[in-house]
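Participant: Predicted model and sequence follow; I will ask about them next.
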Amino acid sequence: MEIVRYEIGDVVRLKKPHPCGSDQWEIYRTGLDFGLRCRGCGHRVMIPRPKFEKAVRQRWPHGEGAPPVVLPPRPGQRKGRQR
Ligand SMILES: [Zn+2]
C-alpha cells in the first residue's frame, strides 16, 4: 500500500460532501488527528487519521490544481441581491 504524506496546506476531496455543498477540505493540522477546514464555508473539523485516510478521494498537494469550490444555492437562502 502506498503511503501518502499529507501536509498542512494540502487540499483533499472527501467521500462525503459537507452539508454546505463543498467536498474540498484544506488540511490545517496533521498528526494522530487531522484538522480540516471546509473550503466552502470555513467550518473546521478534527478527524482521526485512519478515518480521514479512508475518506480521501483526491489530493492536491498545497492546493495546487484544485478546482474552485462551487457551492450550490441553499434552499431558504436569499438570492439575487448581489448588487
Ligand atoms: Zn462547509
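Facilitator: In hand now; what should we look at? Numbering: from 1, shown residues only.

Participant: Tell me the residues of the chain that contact the ion?
Facilitator: With the criterion set to Cβ under 5 Å from the ion, the chain comes near the ion through 18, 20, 22, 38, 40, 41, 43. All C-beta atoms are positioned from the backbone trio N, CA, C, and that covers glycine.

Participant: Name the spans of the chain whose pLDDT lies under the cut-off.
Facilitator: Within the chain, the set of residues satisfying pLDDT under 70 comprises 1-2, 77-83.

Participant: which residues in it form strands?
Facilitator: Chain-ordered strands for the chain, with DSSP state E as the definition, fall at 11-14, 24-29, 33-38, 44-48, 56-60.

Participant: Any buried residues in the third one, and which?
Facilitator: Residues of strand 33-38 classed as buried by neighbour count (16 or more other Cβ atoms under 10 Å): 34, 35, 36, 37, 38.

Participant: So for the second one, what's the nearest residue that isn't a sequence neighbour?
Facilitator: Going back to what we said before, that points to residue 35. Spatial nearest neighbour of residue 35, excluding adjacent residues (Cβ to Cβ, 6 or more residues apart in numbering): residue 29 at 3.1 Å.

Participant: count of neighbours near that neighbour?
Facilitator: Residues within reach of residue 29, counting by other Cβ atoms under 10 Å, total 12.
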